[in-house]
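Asks: predicted coordinates and the sequence they were generated for:
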Amino acid sequence: MNPMTLIARKERSALLQNQRGLAWLLAYAGILSAFALLLISNRELSLLDNAQVVYMMAGTVTAAGALIAVIMGADAYAGERERGTLVPLLTAPVSTGQLLMGKALGLATAWGIMYLLALPYLWSVGAGGQNLGQAIFYLGLFGTPVVLGFGYLAMALSARSGTVLSSLLTGLIVLLFSASPLLIGPGLRNSAIGMALDAVNPFSGALNTYDAVIIDSDPFTAQLGRLALVLVWLALTFAFARMRARHPAFR
Amino acid sequence: MLIDANHLAFSLDGNTILKDVTLHMAKGEVYGLLGPNGAGKSTTIALLLGLYSPDKGNLRLFDESNPGEAQIRRRIGVMPEFAGFYDWMSARDYLIWYAGFYGGMQVTPDALLQRVGLSQVGSKPIGQFSRGMKQRLALARALVHGPELLILDEPTNGLDPRGRREIHDLLIELAEREKVGILLCTHLLDDVERLCSRIGVIDGGRTVLEEDLKDLLREAGKPHYRLHITQVPKGRQLPPLVRLLNRDGDWWTFEIDLNPRVGIGTIWEDLLVHGWSFDEIHVEKNSLEDRYLELTGAGMPTQQEKAA
């Protein structure tokens, strides 16, 4: 079997057979459950427009997915190093490129599982509306590069940093920074700095697209600029991971 | 030659780790790589495995010059000092998975597990293994593809005496029957005396000794004689075959090259003839440990080197 496939298979089993991996998936499902319950049962939130609710759910799935991706990415190299399993991988006939591709494929599989897990939640909050199909499509198209990009960024940090904790914290800070215009609210987003940040922030790019297509029913062609932004983010983070993982720190 | 490394030098982040390391190892040989902590043993192993590239020197494995290449790695089995695994996998599943990198296992997983004494626990999750069991599994991992060269870093760490003996026997069998070359990096000189045919000692990033163990033990086995000297002749001339090693007050330590024609009695007479007087003699047999301490003590970094 191809070394890349072997590593991806191990990554998948780490998520689905390992207690820790299952705990992360459970935590992810817990976040979505709590949010869906809030949207459906809270008196004020349940009065929101159906499209607004689906938009919020899609944003939550992207944020939770990015969070799990950062955790997995931080563990990719530093975790192997801390467990003492990196040296056996580096001394096997596996190139560092194959190792990275295997890890990247494992991350993509994890996001695939998270995406599938999110579908019933999207359906539960948006089944009565007309934009559920749009939400599912754009979550796949924009959420995937954003989530994977955060995972690759954490992998890049993990390949050279000493511990899982240090790469995890750095990855989380970048994630929080990306989400900050959204957390702070429309006041800042409409300022010059906010608009400049929105223009380069992949997280904003995805959320603004959800807003535009789910709530405002804008056409796909109007989203091409933002699509380019998230794809550039994906390409840059992967290139960064590739550069850093060429000579991973192994002790 | 399995390993032909000459005058390797290596620096990392501006720190010189290896200055001049030389290591030669032939097929079927068990080579003990010794040295104090921080001497450069692990870095030497990393160079051999292609994890680092030397700044200077010449390194060839299996008469090829690119140690990091996949074709070379296929011929090497590695047991790192810290035996890490994926705790949720069973030992059997792990070995099958790891062998996939080498195109499959050379023997069945059960046969390999039996060889390292883990046949009863092959389907248990590795997370439930003791440290000693993980050491055995690490050895099985290194053997999974039938390597020609085994690089083992502290292989008997965490093993009880019986386990240690079993691993020793397995290594001897591998070297003698299957002609596997074994590079053994250890602090346990008992392991070295029992297993190795040749040793290399690294200290302060330099090879300070590379020699056949038999020769070294023969040399190290020469007794030292500590004499309490009561009178020293002018000029301190010594008889032939007697060499002064050191002096601590009135206690003088000599090495004497005895041979079948010259007995120890003759030597004492010669000393008296040369004007030496003594009233007490202690005979001290030197061991591999003494020789090792002597070598690595002399190679301790100077204050200037430490400061640099």
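Replies: Arrived safely.

Asks: alpha carbons only for contacts and neighbour counts from here, please
Replies: Fine.

Asks: you'd agree B:Cys185 is up against B:Leu150?
Replies: No - using CA atoms under 8 Å, B:Cys185 is not in contact with B:Leu150, being 10.8 Å away.

Asks: going by residue numbers, what spans are helices in the stretch 151-300 of chain B?
Replies: B:161-177, B:189-195, B:213-220, B:264-273, B:288-298 (DSSP state H, counting those that start in this stretch).

Asks: meant to ask about the stretch 1-150 of chain A
Replies: Here the stretch 1-150 of chain A has its helices, by DSSP H, counting those that start in this stretch, at A:3-16, A:19-41, A:50-83, A:86-91, A:96-126, A:132-138, A:144-160.

Asks: just want the angle from the fifth one to helix A:144-160.
Replies: Using axes from the mean of the first three to the mean of the last three CA atoms, to 10 degrees, the direction of helix A:96-126 lies 140 degrees away from that of helix A:144-160.

Asks: equivalent analysis for the third one, please.
Replies: Calculated by the same axes, to 10 degrees, helix A:50-83 forms an angle of 20 degrees with helix A:144-160.

Asks: just checking, what packs against helix A:50-83?
Replies: With contacts taken as 3 or more CA pairs under 8 Å, 6 or more residues apart in numbering or on different chains; DSSP states H and E, helix A:50-83 sits against helix A:19-41, helix A:86-91, helix A:96-126, helix A:132-138, helix A:144-160, helix A:164-184, helix A:202-210.

Asks: again, only using 6 Å
Replies: Helix A:50-83 sits against helix A:144-160, helix A:164-184, with contacts defined as 3 or more CA pairs under 6 Å, 6 or more residues apart in numbering or on different chains; DSSP states H and E.

Asks: and for the last one, what are the contacting residues?
Replies: This means helix A:164-184. A:74-75, A:78-79, A:154, A:157-158, A:189 (CA atoms under 6 Å, 6 or more residues apart in numbering or on different chains).

Asks: thinking again about what came up before, most tightly surrounded among the helices and strands packed on helix A:50-83?
Replies: helix A:144-160 (a mean of 29; mean count of other CA atoms under 10 Å in any protein chain shown).

Asks: name the residues of chain B found near chain A, please.
Replies: Within chain B, the positions adjacent to chain A are B:70, B:73, B:82, B:84-85, B:88, B:101 by CA under 6 Å from any CA of the partner chain.

Asks: between these, which is nearest A:Leu22?
Replies: B:Trp88 (11.6 Å; CA to CA).

Asks: isn't the closest one right next to A:Asn18, touching?
Replies: Yes - contact status for B:Trp88 versus A:Asn18: in contact at 5.5 Å, counting by CA atoms under 6 Å.

Asks: of those two, who's got more company?
Replies: B:Trp88 (19 against 16; other CA atoms under 10 Å in any protein chain shown).

Asks: wait, a helix at the more buried one?
Replies: No - going by DSSP: H, G, I helix; E, B strand; the rest coil, the assignment for B:Trp88 is coil, not a helix.

Asks: from chain B, how far out is A:Ala196?
Replies: Distance from A:Ala196 to chain B, counting by CA to the nearest CA, to the nearest Å: 38 Å.

Asks: A:Leu119 too?
Replies: Counting by CA to the nearest CA - A:Leu119 and chain B are separated by 29 Å.

Asks: what do you get for A:Thr5?
Replies: Distance, A:Thr5 to chain B, by CA to the nearest CA: 10 Å.

Asks: what number of residues lie near that residue?
Replies: A:Thr5 has 18 nearby residues by other CA under 10 Å.

Asks: in the stretch 101-250 of chain B, which segments are predicted with low confidence?
Replies: B:220-221 (pLDDT under 70).

Asks: list the contacts for B:Leu47?
Replies: Per CA under 6 Å, 6+ apart, neighbours of B:Leu47: B:Ser53.

Asks: where does it sit, in terms of helix or strand?
Replies: helix B:41-48 (DSSP states H and E).

Asks: put the alpha carbons of that helix into CSV.
Replies: Provided in CSV are the C-alpha atoms of helix B:41-48 (Å, rounded to 0.1, in the frame of the first residue of the first chain):
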residue,chain,number,x,y,z
LYS,B,41,25.8,9.2,20.0
SER,B,42,22.2,10.0,19.1
THR,B,43,23.3,12.6,16.6
THR,B,44,25.6,10.1,15.0
ILE,B,45,22.7,7.7,14.7
ALA,B,46,20.5,10.5,13.2
LEU,B,47,23.2,11.0,10.6
LEU,B,48,23.4,7.3,9.8
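
Asks: contact partners for the nearest residue to A:Pro248 once chain neighbours are set aside?
Replies: Distances taken as CA to CA, 6 or more residues apart in numbering or on different chains put A:Ala159 closest to A:Pro248, at 4.9 Å, once the chain neighbours are dropped. Listed by CA under 6 Å, 6+ apart, the contact set of A:Ala159 reads A:77, A:245, A:248.

Asks: which of the residues you listed has the weakest pLDDT?
Replies: Within the set of those, pLDDT is lowest for A:Pro248 (91).

Asks: that one - that's part of a strand, no?
Replies: No - using three-state DSSP, the assignment for A:Pro248 is coil, not a strand.

Asks: what's around it, how many residues?
Replies: Residues lying near A:Pro248 (other CA under 10 Å) number 20.

Asks: please apply the same query to A:Met72.
Replies: A count of nearby residues for A:Met72, using other CA under 10 Å, gives 28.

Asks: distance check, it against A:Gly97.
Replies: 18 Å (CA to CA, to the nearest Å).
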